[in-house]
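Undergrad: Here is a sequence together with a model predicted from it:
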Amino acid sequence: MYELSPTVVEDQGFLKMLENCLTDGNAMVVSNTVAAFQSISESKGYNMLPLNSFNVQKLLTAVNECNEWGQIYIIDALAQYTPTSSTEAEKYYFQQFWRSFKKILLVFLKESPQGFRIQMPR
C-alpha cells in the first residue's frame, strides 16, 4: 500500500496505526508489523521502525513466539537498534536471547565493534 501511495498512508495516520501494532499481544502481528516497517524503510531509504527500549522489549518477547520468518524479521530489526548503555544491552540482548539464540548471540559478540565484556548467565 505504501508503494502505491505514500502520501495517503502518511496523511491518514496508517504509520501510527502500524506503530501501535508493535505492542500487540500476538507475535505474528508483531512480526508482520516489523516486516511492513522494513518494506516501508526500503522505499524511503532510511529506517522507519520506531525502536526504543519499550519496543525492543516487545520485539524480544515476540521473537520466541513467532515462526522462523517472523524471527528473521525481528532479529534483523533488533540488529539495527543501538542500546543506550551496556546495562541495557545486557538486559535485553544477553539475558533474553541467551536461552533461545546462543549461536546467533555468540556471532554478535564476535562481530560487535564495541566488544561487550559481561558475565553470561548460566
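TA: In hand now; what should we look at?
Undergrad: contacting residues for Val63?
TA: Contact analysis of Val63 by CB atoms under 8 Å, 6 or more residues apart in numbering lists 27, 70-71, 74-75, 78, 100. All C-beta atoms are positioned from the backbone trio N, CA, C, and that covers glycine.
Undergrad: Including neighbour count, secondary structure and pLDDT, could these go into TSV?
TA: Below are those laid out as TSV (neighbours: other CB atoms under 10 Å; DSSP: H, G, I helix; E, B strand; the rest coil; pLDDT from 0 to 100):
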residue	neighbour count	secondary structure	pLDDT
Ala27	20	helix	91
Gly70	20	helix	88
Gln71	19	helix	87
Ile74	24	helix	88
Ile75	17	helix	84
Leu78	20	helix	84
Ser100	12	coil	62
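Undergrad: Mind picking the two most distant members of these?
TA: Pairwise distances among these were taken by CB to CB; the largest, 14.1 Å, belongs to Ala27 and Leu78.
Undergrad: and stretch 59-71, which residues are buried?
TA: Buried residues in stretch 59-71, counted by 16 or more other CB atoms under 10 Å: 59-60, 62-63, 66, 70-71.
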